[in-house]
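K.L.:
what's the 3D shape of this:
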Amino acid sequence: MSLFAIADTHLSFGTNKPMDTFEGWSNYTQRLKENWNKIVDDKDYVVIAGDISWAMNFNELKADFEFINNLNGKKIILKGNHDYWWNTMSKMNKFIEENGFDTISILHNNAYDFEDFSVCGSRGWFFDSDEEHNEKVLNREVMRIKASIESAKNDEKIVFLHYPPVTQNQSCEEILNLLNEKGIKKCYYGHLHGIAAKYAFDDNFDGIDFKLISADRLKFVPLLIKKF
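P.N.:
Numbering: from 1, shown residues only. The predicted structure follows:
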């Protein structure tokens, strides 16, 4: 089995907000489907690190989840800044169950344990966030990441965030301190596209390997994280 990851699928089958108008995104859903199914088997897992869909509610989300559910493998998804459909864990799980989306699981204040490693994560926080009370939002996200990591049973914990905790010219000390405190060695993130991706940090920072996995950065090919 293998663990793969990708972020920022930005699906819009139930809404009218296709990404094809942006450079590098032409025919992206077909490219994603073909690339994904070439390398991912049904026994594999894929983390989708936020900005799953442009949907505003579950009705608009249904077609996007049908697309995801029909892709090979099992999917673990977490929240991005554009996932306005995101709801309570109980409501999301009910939506998944009622629609038979049996290959999709939610990562939210929890972790997924495998043989010798665990998948942890949350949305995180970023410097360009337009939310009010940023300090409150940041503290909440730090607590969610902490809760996810502390719920994991294995020593090796791989963290997935939507927002990057570090870029070429900025860093979020609160999140970095938590990752170091918990012994995290690998962290994957999304959110950055196009010109903004030039600020991505794909390197080791303070003992942690960071990598950008936004869909366009990966040319719509899920990244192999680990074989197990």
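
K.L.:
For the residue sitting nearest the centre point of the chain, give the beta-bridge partners.
P.N.:
With distances taken as C-alpha atoms, centre = their mean, the residue of the chain nearest its centroid is residue 49 (0.5 Å). With DSSP bridges applied, residue 49 shows beta-bridge pairing to residue 78.

K.L.:
unless I'm mixing things up, it is touching residue 162, no?
P.N.:
Yes. Using C-beta atoms under 8 Å, residue 49 is in contact with residue 162, at 5.5 Å. Where you see a C-beta, it was placed from the backbone N, CA and C, and this is true even at glycine.

K.L.:
Which neighbours do those two have in common?
P.N.:
Residues touching both residue 49 and residue 162 (C-beta atoms under 8 Å, 6 or more residues apart in numbering): 7, 78, 80, 189-190.

K.L.:
JSON lines please, covering those residues and showing neighbour count and distance to residue 215.
P.N.:
What follows is the shared contacts of residue 49 and residue 162, written out as JSON lines (neighbours: other C-beta atoms under 10 Å; distance: C-beta to C-beta, whole Å):
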{"residue": "7", "neighbour count": "30", "distance to residue 215": "7"}
{"residue": "78", "neighbour count": "28", "distance to residue 215": "15"}
{"residue": "80", "neighbour count": "25", "distance to residue 215": "11"}
{"residue": "189", "neighbour count": "28", "distance to residue 215": "13"}
{"residue": "190", "neighbour count": "31", "distance to residue 215": "8"}
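
K.L.:
Closest to residue 207 out of these?
P.N.:
Checking the shared contacts of residue 49 and residue 162 against residue 207 by C-beta to C-beta gives residue 189 as the nearest, at 16.6 Å.
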